[in-house]
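Chemist: What follows is a predicted structure for the sequence shown.
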There are 2 protein chains.
Amino acid sequence: MIRHTVVFRLKHPANSAEEQAFLDAARILTKIPGVERFESLRQVSPKNDYKFGFSMEFADQAAYSGYNGHPDHVAFVRDRWVPEVAAFMEIDYVPMP
Amino acid sequence: MIRHTVVFRLKHPANSAEEQAFLDAARILTKIPGVERFESLRQVSPKNDYKFGFSMEFADQAAYSGYNGHPDHVAFVRDRWVPEVAAFMEIDYVPMP
């Protein structure tokens, strides 16, 4: 199992219609084959400057690669992520024994 | 639910006995009251420089605060975390509807 997470903040004002529209648009990612346990998260620690997170799990690297190359993911990154996200960090985890 | 996560890297060489000893010592955190779904994770994305993560969940802020102030957590931070961790970032999440 690979857990892919990304923590981010948007260029939009907090609680704006644009913010909600972005989060709504991201729902398309949940439908991509191989995506399991997709979560939309609010980042609440005062120890960093990010405001949101997405988390999803893949059975293996093949499923993760399939997601990365899927046209709906590519279009989301191009049309929404790049223009609307101010800063982000990707963190990917695998369980340890 | 609050999911508390911390991504980090150690001062120890990869796969060293010191690294394993740190990870073993962290198991004491799993026994602190209020800690649910504790996970020891390996960070595998090449897009950041962290190597490990811990993730745990708390039912509410009271449980999270109890963990933070618990003597076993305070001792772990003082005796292992501060001297052995080279860099880290805490990320806390709550689910969005």
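Modeler: That came through fine.
Chemist: Please report how far A:Val74 lies from A:Ala87.
Modeler: Counting by CB to CB, to the nearest Å, the gap from A:Val74 to A:Ala87 is 21 Å. In short, each C-beta sits where N, CA and C put it, glycine included.
Chemist: which residue is nearest the middle of chain A?
Modeler: The centroid of chain A falls nearest to A:Phe54 when counting by CA atoms, centre = their mean (3.8 Å).
Chemist: Is it correct that that residue is in contact with A:Glu39?
Modeler: Yes - counting by CB atoms under 8 Å, A:Glu39 is a contact partner of A:Phe54 at 6.9 Å.
Chemist: Quick one: name the residues of chain A near chain B.
Modeler: Neighbours of chain B within chain A, by CB under 8 Å from any CB of the partner chain: A:2-4, A:7, A:23, A:39-45, A:47-48, A:50, A:52-53, A:55, A:89-96.
Chemist: name the helices or strands packed onto the longest strand that chain A contains?
Modeler: As assigned by DSSP state E, the longest strand anywhere in chain A is strand A:85-95. Using 3 or more CB pairs under 8 Å, 6 or more residues apart in numbering or on different chains; DSSP states H and E, the elements in contact with strand A:85-95 are strand A:2-10, strand B:36-43, strand B:52-58.
Chemist: want to throw those into JSON lines with distance to A:Glu18?
Modeler: As requested, the helices and strands packed on strand A:85-95 are arranged in JSON lines below (distance: least, CB to CB, whole Å):
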{"stretch": "strand A:2-10", "distance to A:Glu18": "8"}
{"stretch": "strand B:36-43", "distance to A:Glu18": "31"}
{"stretch": "strand B:52-58", "distance to A:Glu18": "30"}
